[in-house]
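Asks: Fold the stuff below for me.
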Amino acid sequence: MKDIIYIYGVATLLMSILTILGNVMIIFAFQQERSLRARPSNLLILAVSISDLIYGIHLFVYFGITISGYPYGEIGCMISVFTEYTYIISNILLVAISLDRLLLVSLSYSKYTKWQSKSRIKLQISICYAIGITTSIVEVSLWNYAKRVKTIAASINFNLYCLYPARRMKSYGIFVTIGYFCIPVVMVTFLCAVFFALLRLRIKKTRQISCSSISGTQSNEQFTVSTQGDVQDNDDDENRSVVRKRYLKPAITLAALVTAMSLSSLPYCTYTIVVAVRPELNSFEVIHIMLLIAQLNPLLDPVFYGATQRSIQEYYKKKFAKILQYLNLI
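Replies: Below you'll find the predicted structure:
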């Protein structure tokens, strides 16, 4: 068991450092680049990065640097519940992002911008954080009750590692797993599917309008000079570029975040549900592997988001160019 805890600690330490660095870079880019803050919906992405950063710090403090032992005791473990729930907040924020993208493609753009104002986006973020904090308070309130269960008390050793007693209760453990891991994954996947279906219809409609406008111009104005035809073609290209900028970029970002969430959360959800039905399949080694996979989500979010946002790429290209220029001067 100690070997598994040691390997888990080393892996968590490395992942937490990368998670912290990645999300700090995204937050720093948001703070410096006004264009990223101009779109209210991007505040949801910023909120995810802040949550992932807090969770990365949580992993570093409570699991990464405690390889040889757990120095914080029961009180420290109890405090860690609040920072650990930022992972769940990130999952709920991804649901909010999916809903935002669905509104983007289902409403006219003018109605969307009026509905998803900065104040409403901030309210949605506040609700997501409130849900996570409330759930953490509930878990802490169940702490002493769970400790009195003999089977749970026998497995707890706060001098070696932090193990949350409430989650050792079968009913509460299943509730947390399904409610805050499985359901968000299902909701995000469903909303993402609907979003892409509506986006496909919107793009198809845009093409039909472009084609009909071209054919109408050709039939009614056969004498139009070629320069006017060039103007019509430019208008069509502009319409397509607007659709690409307004809808396809958010679609790519959503697909990347959903992919990160699914790759990290689904194995853990599946294993937890299987163990709940078949307890004899529970394995100390496997659960730690599933936990490591689940920790990939806050690590992959900034990577995928940075890869799909040209503004962030351009910003860091400029920064790295300045650093190289400075080094050459030295």
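Asks: Tell me, how many residues neighbour the nearest residue to Asp52 once chain neighbours are set aside?
Replies: Leaving aside its chain neighbours, Asp52 sits nearest to Pro298 (3.5 Å; criterion: CB to CB, 6 or more residues apart in numbering). Any C-beta I mention is one placed from the backbone N, CA and C, and that applies to glycine too. Using other CB atoms under 10 Å, Pro298 has 30 neighbouring residues.
Asks: Now the phi/psi pair for Pro298, please.
Replies: With angles defined as degrees, to the nearest 10, Pro298 sits at phi -70, psi -20.
Asks: what about the closest residue to Arg202 other than its chain neighbours, how many neighbours?
Replies: Among residues not flanking Arg202 along the chain, Val105 sits closest, at 6.0 Å (CB to CB, 6+ apart). Burial of Val105 is recorded as 22 neighbouring residues (other CB under 10 Å).
Asks: And the pLDDT for Ile137?
Replies: Looking at Ile137, its pLDDT reads 91.
Asks: what's in contact with the host helix or strand of it?
Replies: Per DSSP states H and E: Ile137 is located in helix 118-141. With CB atoms under 8 Å, 6 or more residues apart in numbering as the test, helix 118-141 has contacts from 40-41, 43-44, 47, 78, 81-82, 84-86, 88-89, 92-93, 96, 100, 164, 166-167, 172, 176, 180.
Asks: Grab the CA positions of stretch 94-105 and hand them over as PDB.
Replies: Output of stretch 94-105 as PDB, limited to C-alpha atoms (Å, rounded to 0.1, in the frame of the first residue of the first chain):
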ATOM      1  CA  LEU A  94     -18.600  23.200 -18.000                       C
ATOM      2  CA  VAL A  95     -22.400  22.600 -18.000                       C
ATOM      3  CA  ALA A  96     -22.900  26.400 -17.900                       C
ATOM      4  CA  ILE A  97     -20.500  26.800 -20.800                       C
ATOM      5  CA  SER A  98     -22.400  24.100 -22.800                       C
ATOM      6  CA  LEU A  99     -25.700  26.000 -22.100                       C
ATOM      7  CA  ASP A 100     -24.100  29.200 -23.200                       C
ATOM      8  CA  ARG A 101     -23.000  27.700 -26.500                       C
ATOM      9  CA  LEU A 102     -26.500  26.300 -27.000                       C
ATOM     10  CA  LEU A 103     -28.000  29.700 -26.500                       C
ATOM     11  CA  LEU A 104     -25.500  31.200 -28.900                       C
ATOM     12  CA  VAL A 105     -26.600  28.900 -31.700                       C
END
